[in-house]
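K.L.:
dropping the sequence and predicted coords here.
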Amino acid sequence: MDNKNNPLRHLPWVVLALVGASALGVIALRRGEAVNALWIVVAAVATYLVAYRYYSLFIATKVMQLDPRRATPAVLNNDGLDFVPTNKHVLFGHHFAAIAGAGPLVGPVLAAQMGYLPGTLWLIAGVVLAGAVQDFMVLFVSTRRNARSLGDMVREEMGSVPGTIALFGCFLIMIIILAVLALIVVKALAHSPWGMFTVMATIPIAVFMGVYMRYIRPGRIGEISVIGIALLLGSIWLGGAISTDPYWSEVFSFDGVQITWMLIGYGFVAAVLPVWLILAPRDYLSTFLKIGTIAALALGILILSPDLKMPALTQFTDGTGPVWKGALFPFLFITIACGAVSGFHALISSGTTPKLLANESHARYIGYGGMLMESMVAIMAMVAASVIEPGVYFAMNSPAAIVGADVASVAAKVSSWGFVITPEALEGVARDIGETTVLARAGGAPTLAVGIAQILHQLMPGMSSMAFWYHFAILFEALFILTAVDAGTRAGRFMLQDLLGNFVPALRRTDSWAANVIATAGCVALWGYLLYQGVIDPLGGINTLWPLFGISNQMLAAIALMLCTVVLIKMKRQQYAWVTLMPAVWLLICTTVASLIKLFDADPAVGFLALAHKYEAALAAGQVLAPAKDLGQMQNVIMNAYTNAGLSALFLLVVFSILFYSLKVAFAASAKAERSDRETPFQAIPGA
Amino acid sequence: MFNDLSRMGKYLGKAARMLVGMPDYDTYVEHMRSKHPDQPVMSYEEFFRERQDARYGGGKGRPIRCC
């Protein structure tokens, strides 16, 4: 039956839209009684499906005018290796595995301090109008340019100066990402012998897998991954035994600074070792574990349909929250980052994925659809953070400088905010998850792990203890964070060589051992420095680094969206430029306002310069301001404040120079009568 | 039905390997046979090593995954 023009075909979608709208209404308006997590899931899924059906179709047919007859780079350059036309569902899995990391899990957890509502609304609206649009557009633009990278495309469409600036921006972002991810690991593992042991055990397990795949049974990914996961689960079990042993629990207890130095050493060594030894096998483990855990979490939420304990809105929307400082606008948008819109995806969408795209018409499913899926993961993280007691949430995520360092004072302080919790309850949670304390576990990962453990434990109550699932979740997050640290240090090293090569050409030689070591050491030193300052920061580090990470990530998204807008104008499709212009402007406003606040706000808890000035004044008067304990720590605080201020200023500089070039190129292009973009000429699919 | 099952298994295996960026070896061999019959075809072990190095070697500063 041909129902192409039958208006009734919209009917199911109208119903779906109404269902989504009423679910949104429930989560937004119901007060005073518990809201079930399923309402959030239904609201999100209904919105995603309707947006996919209509908005992404509009983008595909009107804005991009995707042409299924056009040969993609995968078809034209098919070599069976880099360029392979791939089944669209298989490619969807690949793309999703590449874009989904720790970011979408951590951001929503941190955002939950304002209540579940603001974060959920931005996750849903942001992905539909900004995040998925960016991924889809970049995938399209790159596919039409022989799968070129984001940096290359900026250079080609806007000029070599903005190209280099964009590359520099990418490098900065990489460094901050590595520092903040490593910081999350430090926060999760400090004084946790169980967690420390299991994470350390991944190294010999990965080496064993690497040797097995290289020499014993070459290339058998499947069987060795199963063995590896079994070994991992065994190490979690063994870690439990270690944590209760008086001698071994001492051996594997480290403080934050010790773990920092281990990570820095590890990052350097892992980045110069051959990839098959640790990096590749651990990536296999983390990828399979990630997909499995996400599926289990989704299943758990659907089956258990837990009630949300976090209120819809907390008093911290005014910017006084303990987890991170800053008001809802712009800092909520900066904090959520990856789950709604992530600039980093522009690097993936312009990297491997376009080389595997069998047909242009698949770009909608993979680009737009893949990002919707990532947002769904972020929604689940938000649910996991909201099903635990808010009192526990704030006790875990607030720095000692604000709430105190022992359970009694923390419980009193958190209860005084209205999130009633007893010291016994906090100790009980720590006992349940097999840790000595849950205090000062900022960074999102431990909170999420408690949420995941609660859900998985209820889902399979007989199978193992909550402590097992908590450490499973910590391990799962640490695994892919460490993989990101390895891979990121390598990628950062090449970026650094490329950048420094502009001044010292010898450094560009990637086959030179000395150049490699210099660039790797430089890269590790940069993120290591930021990590160290975050760890010793008495205010907790996450407070400072996560907003910087969010700003840099959203700024990269703004750059990618500006590029897409310029390309649309150059293609003479300016009537559709609003599709990318609207999110680009929004991100520009958010990142600029956030950077300016971070730089110049008069409140030392928010503004970097105000903080530096406050401590300088005290230092000049010979005073020691808490939480610093001596003059040396005072110096540290001042130095860190200036470093962070410098980074914020650099971000502003990068984003505004790209904006300047975008405007220049866009105006020049709109003055021309014909299109001036650098799309590769049309070639039909052979034999079609 | 068993045919369908084995096809299904093959498809899932392909999908799982592609999750970690390992393309399908049979597709590669098929491609070399039909398009470049004059060139040598890598064995599975060589293919596996080549792809692993290409994915994780980190060249061109392209990250393999997002944060």
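P.N.:
Okay, I see it.
K.L.:
how about residue 6, phi and psi?
P.N.:
With no chain named, the answer covers chain A. Note on A:Asn6: its backbone torsions stand at phi -80, psi 120 [degrees, to the nearest 10].
K.L.:
list the contacts for it?
P.N.:
For A:Asn6, the contact set (Cβ atoms under 8 Å, 6 or more residues apart in numbering or on different chains) is empty. (Each C-beta comes from the backbone N, C-alpha and C, glycine too.)
K.L.:
how confident was the prediction at it?
P.N.:
Looking at A:Asn6, its pLDDT is 84.
K.L.:
do A:Ala411 as well
P.N.:
Looking at A:Ala411, its pLDDT reads 96.
K.L.:
give me the number of residues near it?
P.N.:
Neighbour count for A:Ala411, taken as other Cβ atoms under 10 Å in any protein chain shown: 24.
K.L.:
the helix ranked longest in chain B close to chain A?
P.N.:
Across chain B, the longest stretch assigned as helix under DSSP state H is helix B:2-19. Yes - using Cβ under 8 Å from any Cβ of the partner chain, helix B:2-19 comes into contact with chain A via B:11, B:13-19.
K.L.:
would you list the buried entries among those residues?
P.N.:
Buried members of the residues of helix B:2-19 next to chain A, counted by 16 or more other Cβ atoms under 10 Å in any protein chain shown: B:14-19.
K.L.:
how about A:Asp432, nearest residue that isn't a chain neighbour?
P.N.:
Using Cβ to Cβ, 6 or more residues apart in numbering or on different chains and skipping the chain neighbours, the partner closest in space to A:Asp432 is A:Met466 (4.8 Å).
K.L.:
contacts only, for the one you found.
P.N.:
By Cβ under 8 Å, 6+ apart, the residues touching A:Met466 are A:432-433, A:453-454, A:457.
K.L.:
pick the one among the residues you listed closest to A:Leu302.
P.N.:
Proximity of these to A:Leu302 was ranked by Cβ to Cβ; the top entry is A:Gln454 with 15.3 Å.
K.L.:
how about the helix or strand harbouring the closest one: buried residues?
P.N.:
Counting by DSSP states H and E, the element that carries A:Gln454 is helix A:445-459. The neighbour-count check on helix A:445-459 (16+ other Cβ under 10 Å) flags A:445-457, A:459 as buried.
K.L.:
need these in TSV (columns: distance to chain B).
P.N.:
Compiled in TSV, the buried residues of helix A:445-459 are given as follows (distance: Cβ to the nearest Cβ, whole Å):
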residue	distance to chain B
A:Ala445	13
A:Pro446	18
A:Thr447	18
A:Leu448	15
A:Ala449	18
A:Val450	22
A:Gly451	20
A:Ile452	19
A:Ala453	23
A:Gln454	25
A:Ile455	24
A:Leu456	22
A:His457	27
A:Leu459	24
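K.L.:
next, A:Ala312: secondary structure please.
P.N.:
coil (DSSP: H, G, I helix; E, B strand; the rest coil).
K.L.:
distance of A:Thr293 from chain B?
P.N.:
14 Å (Cβ to the nearest Cβ, to the nearest Å).
K.L.:
pretty sure A:Val109 contacts A:Ile379?
P.N.:
No - between A:Val109 and A:Ile379 there is no contact, the gap being 11.9 Å when judged by Cβ atoms under 8 Å.
K.L.:
about what we covered before: could you list every helix and strand in contact with the longest helix of chain B?
P.N.:
Helices and strands touching helix B:2-19, by 3 or more Cβ pairs under 8 Å, 6 or more residues apart in numbering or on different chains; DSSP states H and E, are helix A:88-99, helix A:221-244, helix A:279-304.
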